[in-house]
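1. Below are the sequence and a predicted model for it; my questions follow.
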Amino acid sequence: MENYKKFKIITYGCQMNVHESEKIAGILSELNYVMTEDEKQADIIVFNTCCIRENAEDRAFGNVGALKKLKKANKNLIIAVGGCMTQQKGFAKSFHESYPFVDIIFGTHNLDNFKLLLQKKLSSKKTIIEVLEKEGSICETTNKLRSSYPNAWVNISYGCNNFCSYCIVPYVRGRERSRKEVDIINECKSLIEDGYKEITLLGQNVNSYGNDLEGVTFASLIKKISQIEGDFRLSFMTNHPKDFNEELIKALAKSDKISKRVHLPVQAGSNRILKLMNRKYTREDYLSKVNLLRKYIPDIAITTDIMVGFPTETEEDFMDTFNLVKEVGFSGAFTFVYSRRKGTPAAEMDGQIPEDVSKNRIMALIDYQNEFNREESKKYLNKTVEILCEGYDDKKKMYLGRDTYGRMAYFSSDKELIGRFVDVKIIKTGGISLLGEVVKVK
Ligand code: SAH
Ligand code: SF4
Ligand code: F3S
């Protein structure tokens, strides 16, 4: 093992990026590199960055900067920086000027070419900068070194066409491209044969899957995947309320393989703000989709993303959001303070909201949602639920996993349980997570 070169990948951002790091890891494995957690041992360190909010960028800048010392100590260390942050227009040049010790700068569009970039670097002293302006065709041949067993991420589409006015993603991920249905289904089949127990389909807007293909929709795709034989859960993210329709809801209701949780980002509850955000639905549209979903699947768990402090957001607008959160009763909510992203229409809008106002608003939401989660957790007491065991928490010395609604539970066992479906009786409820005892290993 000692002769092998070692790599470390540091990932920021969403599941899409987590999965893309699995592709970079796959490429490096093919070149006979092995993974290490220890930066000091690494021969190559790759940053897979995010730029969705300013703080995501700041973290990446800080961590890249901190490596300067390591680079001085080990002249052969290769540092590569890629992902959404570097894909921003004009970014690579100024980044190179500020961080000249970074060896490879690449974007989101040429990740599958990473092998070539690394080989170029190994035979050159110069920094290799390659950020393509345009997205290429979908590459199906990149191997993945997966590290999320028993879950496996599967891309169904890349890019985004929605141009929500606050969002940088369409600029750094390009236009929406759907993978061919046959490629997706074959990948899912082989993952299930390999023993993966949860498949999570990925797209910025999974509901518009197939708009650029003939004769397929997201609903028809998940119908086919859920018919694959085997014991697995099917999940997907993210949904867009404007494209979330009855055909899909019916497909969700029909299969018991599909997990009973839907992530349906609402962003805001004020129609005026939703319009400024270019979300293309109203508060009423959103609520009626929630009602339809609950009509077909009464116990469905709905989670969401909410943003506060969008330009011109008044107290009244915020209360519309707050009241919508109360009305829906989300099983979980990711809350964000609006962050101004250069190049997006919202960054140019008048009426940017002061930070302290946004902070107060987000705190009110978080407090409400935490209390709601605590109350919901209590309903689990003394119930037995089926958990997919996902991992082991070394600190707590307990296994952890989630039920079909996405609720996390911890439990002890002296058996090896990762990747097994386990019936767990809940004996204690706290905040979001639950504590239980194993009743049966399936
Ligand atoms: N395509 C997905 C995910 C987008 S990023 C979707 O549409 O849901 C995840 C979340 O980050 C978004 O839902 C939004 O709530 C938040 N986000 C995006 N841009 C942001 C910005 N400029 N400031 C703050 N939060 C942002
Ligand atoms: Fe961004 Fe909107 Fe696309 Fe989501 S749907 S990635 S929020 S532009
Ligand atoms: Fe994801 Fe961040 Fe890019 S959220 S798509 S890694 S900007």
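-> That came in fine, so what should we check first? Numbers count the residues shown, from 1 in each chain. Ligands and ions are numbered 1, 2, ... in the order given.

2. For the stretch 251-400 of the chain, give the residue positioned nearest to ligand 3.
-> Ligand 3 sits closest to residue 341 of the stretch 251-400 of the chain, with a gap of 9.1 Å, by CB to the nearest ligand atom. From N, CA and C alone the C-beta is placed, and that goes for glycine too.

3. Oops, could you answer that again for the chain instead?
-> Closest to ligand 3 within the chain is residue 13: 2.7 Å, counting by CB to the nearest ligand atom.

4. Next, give phi and psi for that residue.
-> phi 90, psi -150 (degrees, to the nearest 10).

5. Contact partners for it?
-> Residues in contact with residue 13 (CB atoms under 8 Å, 6 or more residues apart in numbering) are 48-50, 52, 56, 83-84.

6. how about CSV for those residues, with neighbour count, pLDDT and secondary structure added?
-> Converted to CSV, these look like this (neighbours: other CB atoms under 10 Å; pLDDT from 0 to 100; DSSP: H, G, I helix; E, B strand; the rest coil):
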residue, neighbour count, pLDDT, secondary structure
48, 26, 96, strand
49, 29, 95, strand
50, 22, 95, coil
52, 21, 96, coil
56, 17, 86, helix
83, 26, 96, strand
84, 28, 96, helix
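
7. And the helices in the stretch 251-400 of the chain?
-> With helices called from DSSP state H, counting those that start in this stretch, the stretch 251-400 of the chain shows them at 271-276, 283-296, 315-328, 355-378.

8. Can you say which of those is packed in most?
-> Mean neighbour counts were compared across the helices of the stretch 251-400 of the chain using mean count of other CB atoms under 10 Å; the top stretch is helix 271-276, at a mean of 19.

9. Tell me the helices and strands packed up against that one.
-> Counting contacts by 3 or more CB pairs under 8 Å, 6 or more residues apart in numbering; DSSP states H and E, helix 271-276 is packed against helix 315-328.

10. elements contacting the helix it packs on?
-> Under the contact criterion of 3+ CB pairs under 8 Å, 6+ apart, helix 315-328 touches helix 271-276, helix 283-296, strand 301-308, helix 355-378.

11. rerun at 10 Å
-> With contacts taken as 3 or more CB pairs under 10 Å, 6 or more residues apart in numbering; DSSP states H and E, helix 315-328 sits against helix 271-276, helix 283-296, strand 301-308, strand 332-337, helix 355-378.

12. so can I have JSON lines of these showing mean pLDDT and distance to ligand 1?
-> As requested, the helices and strands packed on helix 315-328 are exported to JSON lines (pLDDT from 0 to 100; distance: least, CB to the nearest ligand atom, whole Å):
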{"stretch": "helix 271-276", "mean pLDDT": "98", "distance to ligand 1": "12"}
{"stretch": "helix 283-296", "mean pLDDT": "98", "distance to ligand 1": "13"}
{"stretch": "strand 301-308", "mean pLDDT": "98", "distance to ligand 1": "3"}
{"stretch": "strand 332-337", "mean pLDDT": "96", "distance to ligand 1": "4"}
{"stretch": "helix 355-378", "mean pLDDT": "95", "distance to ligand 1": "10"}
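
13. Would you reformat those as CSV and include distance to ligand 3?
-> Putting the helices and strands packed on helix 315-328 into CSV (distance: least, CB to the nearest ligand atom, whole Å) gives the following:
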stretch, distance to ligand 3
helix 271-276, 21
helix 283-296, 22
strand 301-308, 11
strand 332-337, 11
helix 355-378, 18
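
14. quick one: residue 205 from residue 160, how far?
-> Distance of residue 205 to residue 160, computed by CB to CB, to the nearest Å: 6 Å.

15. same check, this time on residue 309
-> 22 Å.

16. And residue 241, by the same measure?
-> 15 Å.

17. And residue 440, by the same measure?
-> Residue 440 is 43 Å from residue 160, where distance means CB to CB.

18. ok, back up a step: any idea which of the contacts of residue 13 is closest to ligand 1?
-> In terms of CB to the nearest ligand atom, no member of these lies closer to ligand 1 than residue 52, at 5.1 Å.

19. Can you tell me which helices and strands the host helix or strand of residue 187 packs against?
-> Per DSSP states H and E, residue 187 falls inside helix 181-193. Judged by 3+ CB pairs under 10 Å, 6+ apart, helix 181-193 is in contact with strand 151-155, strand 198-202, helix 218-226.

20. Could you dump the ones you listed into CSV and include mean neighbour count?
-> Below are those laid out as CSV (neighbours: other CB atoms under 10 Å):
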stretch, mean neighbour count
strand 151-155, 21
strand 198-202, 21
helix 218-226, 21
